[in-house]
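A.B. asks: The following block contains a protein sequence and its predicted model.
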Amino acid sequence: MTHSMDKSVQKTRFAISDLQKRIAVLEATREDLERQMRKLNDSVPEEEVEGNEQREGYVAYGSYAKSVIARKENLRSSLSDITDQASELSADLRIALDALDSFERVRARQMAAKAEKAMRKTG
């Protein structure tokens, strides 16, 4: 295998490792955001907000509930962004894995050709 191909394989393996780490970070972040969302859902289910409008003390509860709902919207937006980023990284990872597979196939063909040539010399 040529020196330049070895460097390309190294770069591709590094890129694969980097992409896998970045995807793992996004996955951990997504899980944390989903945990926060569940916690907020448990504290203030959105359907309860309207039912509590007539209750005494709604002003305090209503302000709190509205801030929780706003936080949920921010979490939903962040989750959407993470999903988009993870999709892009996954596509990049597939491309890098395909490239590495191509390098490996070329290497296998080169090794087979080398072995065949050696067999002809001895045979």
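C.D. replies: Happy to help now that I have it. Numbers count the residues shown, from 1 in each chain.

A.B. asks: Going by C-alpha atoms from here, please, whenever you check contacts or count neighbours.
C.D. replies: Will do.

A.B. asks: For the lengthiest helix in the chain, which helices and strands make contact with it?
C.D. replies: As far as residue count goes, and with DSSP state H defining each element, the longest helix of the chain is helix 58-122. Counting contacts by 3 or more C-alpha pairs under 8 Å, 6 or more residues apart in numbering; DSSP states H and E, helix 58-122 is packed against helix 3-43, helix 46-51.

A.B. asks: so how far is it from its chain's centroid?
C.D. replies: Relative to the mean C-alpha coordinate of its chain, helix 58-122 is positioned 5 Å out (C-alpha atoms, centre = their mean, to the nearest Å).

A.B. asks: any idea of the mean pLDDT for that helix?
C.D. replies: Within the predicted structure, the mean pLDDT of helix 58-122 is 91.

A.B. asks: okay, the angle between it and helix 3-43?
C.D. replies: Here helix 58-122 points in a direction 160 degrees away from that of helix 3-43 (axes from the mean of the first three to the mean of the last three C-alpha atoms, to 10 degrees).

A.B. asks: please renumber so the chain begins at 400
C.D. replies: Got it, the first residue is 400 from now on, which makes the last one we talked about helix 457-521.

A.B. asks: Relative to residue 519, which of the helices and strands packed on helix 457-521 is closest?
C.D. replies: Checking the helices and strands packed on helix 457-521 against residue 519 by C-alpha to C-alpha gives helix 402-442 as the closest, at 26.0 Å.

A.B. asks: Give the other helices and strands that that closest one contacts.
C.D. replies: When contacts are defined as 3+ C-alpha pairs under 8 Å, 6+ apart, helix 402-442 packs onto helix 457-521.

A.B. asks: follow-up on the earlier one: mean pLDDT lowest where, among the helices and strands packed on helix 457-521?
C.D. replies: Set side by side, the helices and strands packed on helix 457-521 differ in mean pLDDT, and helix 445-450 is lowest with a mean of 57.

A.B. asks: returning to that earlier point: adding distance to residue 487 and mean neighbour count, write the helices and strands packed on helix 457-521 out as TSV.
C.D. replies: Formatted as TSV, the helices and strands packed on helix 457-521 follow (distance: least, C-alpha to C-alpha, whole Å; neighbours: other C-alpha atoms under 10 Å):
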stretch	distance to residue 487	mean neighbour count
helix 402-442	10	15
helix 445-450	32	12
